[in-house]
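Trainee: Got a sequence here, can you model it:
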Amino acid sequence: MTLDHCCGHKRQALEALAQHRAQRRVLVAVLVINLAMFFIEFGAGLVARSSALQADAVDMLGDAIVYGVSLWAVNRGARWEAGAALAKGLLILAFFVFVVFEVVDKLVHGVPPSSELMLWFGAIALCANLACLALLWRFRTLNINMKSTFQCSRNDVAANLGVLVAAGGVALTGRGWPDIVIGAVIALLFLRSAMSVLFEAWPAWRATRQA
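Mentor: All right, here's what the predicted structure looks like:
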């Protein structure tokens, strides 16, 4: 083995190690942001009686768990990365079911939410998720683990925009149906994201089992 060959392997190993450390730092940062925003936004959703805010807050909690799973899977190999993505897909699917029940409950017993609180806390959540998206951007195609993590963050931005649209609809109409509609749309977004992650993660996980 030549000296150049040996140095090349060391350089590649160091670059991979640095990349894993960078992934960990980013995942820790976005985990903290999402966990903090869950408590803030869910509390605001309860006070405002908003399905859209509560659904978005539950998404924040789901993402905090997702980032924790992603963090755990970093540097554990393809099988763990695929398994982590599979777990995230199932988690997103569970949150879809939760939000559906919340929306149905609002249809039966709901009252018009506070559009002002929805607007303020929806905007705060949007800023938080844009920060997470920026942090994750350079890792978005690195592997199946980081790809599914980035997809969760991207969906969050869309959900935040939906909350702002719902707030505007409630303010204009004085009724709760825009909030319920956006809550349902966020639920469908969960379902779409879950199916996308699961359809990619399941074959990858099976392939690593057979390897």
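
Trainee: use CA for all of it now, contacts and neighbours both
Mentor: Noted.

Trainee: Not counting sequence-adjacent ones, nearest residue to the most centrally placed residue in the chain?
Mentor: By CA atoms, centre = their mean, the chain has its centre lying nearest to C152, at 3.3 Å. Nearest residue to C152 in three dimensions, chain neighbours excluded: D63, at 6.8 Å (CA to CA, 6 or more residues apart in numbering).

Trainee: for that neighbour, what are its contacts?
Mentor: Contact partners of D63, counting by CA atoms under 8 Å, 6 or more residues apart in numbering, are 31, 34, 152-153.

Trainee: cool, F95 as well?
Mentor: So F95 contacts 58-59, 62, 187, 190 (CA under 8 Å, 6+ apart).

Trainee: a markdown table for those, including secondary structure and neighbour count?
Mentor: Formatted as a markdown table, the contacts of F95 follow (DSSP: H, G, I helix; E, B strand; the rest coil; neighbours: other CA atoms under 10 Å):
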| residue | secondary structure | neighbour count |
| --- | --- | --- |
| V58 | helix | 21 |
| D59 | helix | 26 |
| G62 | helix | 21 |
| A187 | helix | 28 |
| F190 | helix | 27 |
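
Trainee: May I see these organised as a markdown table, with distance to F96 and pLDDT added?
Mentor: Below are those laid out as a markdown table (distance: CA to CA, whole Å; pLDDT from 0 to 100):
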| residue | distance to F96 | pLDDT |
| --- | --- | --- |
| V58 | 10 | 78 |
| D59 | 9 | 76 |
| G62 | 11 | 75 |
| A187 | 5 | 81 |
| F190 | 5 | 77 |
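
Trainee: ok so, going back, tell me which of the contacts of D63 has the lowest pLDDT.
Mentor: Least confident entry in these, by pLDDT: C152, with 72.
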